[in-house]
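**Q** Got a sequence here, can you build the structure:
(4 chains)
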Number of protein chains: 2
Amino acid sequence: MNIGSAAEQSGLPVKTIRYYEDIGLVLPQRSENGYREFSNSDLERLKFLQRARSLGFSIEECRELLSLYGDRNRASADVKKLTQAKIREVDRKISELKSLRRVLSDLAEACHGDNRPDCPIIDDLAGQSTAAMGTFKEKGK
Amino acid sequence: MNIGSAAEQSGLPVKTIRYYEDIGLVLPQRSENGYREFSNSDLERLKFLQRARSLGFSIEECRELLSLYGDRNRASADVKKLTQAKIREVDRKISELKSLRRVLSDLAEACHGDNRPDCPIIDDLAGQSTAAMGTFKEKGK
DNA sequence: CTTGACCTTCCAGTGACTGGAAGCCCTAAC
DNA sequence: GTTAGGGCTTCCAGTCACTGGAAGGTCAAG
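**A** Sure, this is the predicted structure:
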């Protein structure tokens, strides 16, 4: 199978597949004409990568998962550990974003949003805030 | 004020400040010895940038906000619009992360996590899922 | 006068691609 | 037979927002 069909079937862009070969995540054979020739198991790896990346695993984590995937003696505990660490990471990101959202919406609410030059959002950014005060304190001089 | 104190007072790393100068976000004078000399208004800009970046505005958005900041005729409507767009972006990210979290925790739950070689997380990544089925369907051949 | 902190520039690397140029290869239509 | 197109190749450069490091100038204290 050529790179085009591999891309179509894995859901990865052609460019990305070539990049994955560059960094050694997949190692397709070459045909006589120099084209990459993807086997079924290459395709499996690509699908695996597509899915794992979409679940937020980094390339290095994907590499690790792939080696566990290929390892008949793999311990599911290892994989579960990786997944749970990822969950904690996602939780952390969610709560960061939530607190960010609170600050932004406080600011937006305080702003009358008309054509007057006066804007509490800008004032806050400039550190002369009355809105959202105390949420981000100036770090002392 | 030298770059070190500017860094301390703005909360930005020295390297970042030099980078901000490179891309034209701040334009400190130079002393005779070639050192950057930060005025109070330079420091204000740096603090502004620190805060806006921590609120998730991109560098280009910061540039825009700074020009509104410097514009005596700025309309607060413009700033509010930018802020509200940012809120929508944050909301989108939060809901993506939440759905990601659901899939990951379904997978983690389905995995017995012991030393047996059999692991539903890997199976799912490989596309032979029984767990979390239907959450991410294979995109048709 | 030396030490060490602080400053300078420049170059390269990060992560994970993405875009584009220049040039083969292959098929199908004329 | 030739031309047009699409797909394939490599390589180089760019993205975003920094970050690290090397090589070297400047300054204040001891």
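**Q** Show me what counts as buried in the helix or strand harbouring A:E61.
**A** Taking DSSP states H and E as the criterion, A:E61 maps to helix A:59-70. Buried residues in helix A:59-70, counted by 16 or more other C-beta atoms under 10 Å in any protein chain shown: A:61-66, A:68-69. Every residue, glycine included, has its C-beta placed from N, CA and C.
**Q** Not counting its neighbours along the chain, what's nearest A:K93?
**A** Of all residues not flanking A:K93 in the chain, B:L97 sits nearest, at 5.7 Å (C-beta to C-beta, 6 or more residues apart in numbering or on different chains).
**Q** What residues sit buried inside the helix or strand hosting that neighbour?
**A** B:L97 belongs to helix B:76-110 when elements are defined using DSSP H and E. For helix B:76-110, burial by neighbour count (16+ other C-beta under 10 Å) applies to B:76, B:78-80, B:82-84, B:86-87, B:90, B:93-94, B:97, B:100-101, B:103-108, B:110.
**Q** Ok, stretch A:30-47 next?
**A** A:36, A:38, A:42-47.
**Q** Which of those fall within helices?
**A** Assigned to helices by DSSP state H, the following of these qualify: A:42-47.
**Q** check those against chain B, which are close?
**A** A:44, A:47 (C-beta under 8 Å from any C-beta of the partner chain).
**Q** Tell me the one of the ones in helices among the buried residues of stretch A:30-47 nearest chain B?
**A** Comparing these against chain B with C-beta to the nearest C-beta picks out A:K47 as the nearest, at 5.5 Å.
**Q** Settle this for me: A:G11 is touching A:L49, isn't it.
**A** No. Proximity of A:G11 to A:L49 does not meet the contact threshold set by C-beta atoms under 8 Å, at 9.8 Å.
**Q** For chain A, what lies in contact range of DNA strand D?
**A** Residues of chain A lying near DNA strand D by C-beta under 7 Å from any atom of the strand: A:2-5, A:7, A:14, A:18, A:34-36.
**Q** Of those, which are in range of DNA strand C?
**A** Okay, of the residues of chain A next to DNA strand D touching DNA strand C (C-beta under 7 Å from any atom of the strand), that's A:18, A:34.
**Q** Strands - which of the residues of chain A next to DNA strand D land there?
**A** Among those, the ones falling in strands (DSSP state E) are A:R36.
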